[in-house]
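K.L.:
Here is my input, please return the structure:
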Amino acid sequence: MAVTVVNPDHRPPPPSTVEEPTVFGVEGMDQAYFFGALLRYLGLDGVVWNLKGKSEYKKRLTALKQTTGFEQNVVSLGVVRDADDNAAAAFESVQGALRAAQLPVPEHPLEPIGDAPQVTVMVLPGQGEPGMLENLCLKAVEGDPAMVCVNRYFECLKQENVPLPRNRAKANLQVFLASRKKVALRVGEAAQAKVWPWEGQAFGEVKRFLQLVCSRPEG
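P.N.:
Prediction:
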């Protein structure tokens, strides 16, 4: 089992060639570490490539495709993006980036298309819902006793007339992570620290996406 996380703008420099048959392009390092950890949990192989933000997808998918060995070796490409306020618009944005990179363009999320590479897209948190990776992780821990305290914390802020954070999902998750033994973790770091309950139903669609991408025949 081999999982590699690539961050193109950091040291060590990214590999000059792509030799693995399965590659994932994700929105940032949090997603990269998250998906790397989940791939390891599932016993799957793959390279997770940080595309450095949704606005960079066209440029970085094109650069990834032009990397030596990509066209010869990559059998399956999975692309991940947050839905933010609109899952349909987020998917259309990924379609545009794939089209600009002259890669196969799926008509729907979680429906592979093309050959060498076959391309599959996942829009988080899944099921066409708005949100992001943080929403998915919150759903996975909604039954955790600490979430009662998380909700009380924000109720307390409201009662004291303290302005609430704009991004409630990110704020809720930060407070939840502060309840763990090791504090100051980000989403991806928490995944590496085995905080998220991978066996739960909340991660079912994401696991199906990873298995779908990794099950593509080689050659």
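K.L.:
so what are the domain limits for the chain?
P.N.:
Domains of the chain are assigned by automatic domain parsing as 3-131+201-214, 133-192.
K.L.:
most neighbours per residue, which of those domains?
P.N.:
Highest mean neighbour count among these (mean count of other Cβ atoms under 10 Å): domain 3-131+201-214, with a mean of 18. The C-beta positions use only the backbone N, C-alpha and C, and glycine is treated the same way.
K.L.:
Can you give me the end-to-end span of it?
P.N.:
12 Å (Cα to Cα, to the nearest Å).
K.L.:
ditto for stretch 140-154
P.N.:
OK, stretch 140-154 end separation, Cα to Cα: 20 Å.
K.L.:
What average pLDDT does it get?
P.N.:
Taken as a whole, stretch 140-154 carries a mean pLDDT of 97.
K.L.:
In the protein, which residue sits furthest out from the middle?
P.N.:
E160 (35.7 Å; Cα atoms, centre = their mean).
K.L.:
phi, psi of that residue?
P.N.:
The phi and psi torsions at E160 (degrees, to the nearest 10) take the values phi -90, psi 10.
K.L.:
how near is it to K170?
P.N.:
Look at E160 and K170: by Cβ to Cβ, to the nearest Å, they are 21 Å apart.
K.L.:
Tell me the strands beside the helix or strand bottoming out on mean pLDDT in the chain, with direction?
P.N.:
Within the chain, no helix or strand scores below strand 3-6, which has a mean of 85 by mean pLDDT, DSSP states H and E. When pairing is defined by DSSP bridges, strand 3-6 lines up against strand 46-50 (parallel).
K.L.:
Can you give me every residue that contacts F91?
P.N.:
Residues in contact with F91 (Cβ atoms under 8 Å, 6 or more residues apart in numbering) are R81, H108, P109, V121, V123.
K.L.:
Nearest the geometric middle of this structure, what residue?
P.N.:
Mean-position check on the chain, Cα atoms, centre = their mean. Result Q31 at 3.9 Å.
K.L.:
List the contacts of that one.
P.N.:
N50, V80, L124, L133, G188.
K.L.:
which ones among the residues you listed are found in helices?
P.N.:
Using DSSP state H, the members of the contacts of Q31 that fall in helices are L133, G188.
K.L.:
ok, which pair from the contacts of Q31 is furthest apart?
P.N.:
N50 and L124 (15.1 Å; Cβ to Cβ).
K.L.:
if we can go back for a sec, using TSV, lay out the contacts of F91 together with pLDDT.
P.N.:
Compiled in TSV, the contacts of F91 are given as follows (pLDDT from 0 to 100):
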residue	pLDDT
R81	98
H108	97
P109	97
V121	98
V123	98
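K.L.:
List the contacts of stretch 56-72.
P.N.:
8, 15-19, 23, 25, 49, 51-52, 79, 81, 93-94, 96-98, 100-103, 116.
K.L.:
scratch that, stretch 106-124
P.N.:
By Cβ under 8 Å, 6+ apart, the list of residues contacting stretch 106-124 reads 23, 31, 71, 74-83, 87, 90-91, 94-95, 98, 103-105, 128, 131-133, 135-136, 205-206, 208-209, 212-213, 216.
K.L.:
Low-confidence stretches in this protein?
P.N.:
1, 8-15, 216-219 (pLDDT under 70).
K.L.:
now the helices for it?
P.N.:
With DSSP H as the criterion, the chain has helices at 29-42, 57-66, 70-73, 87-100, 133-140, 146-159, 168-177, 187-192, 204-214.
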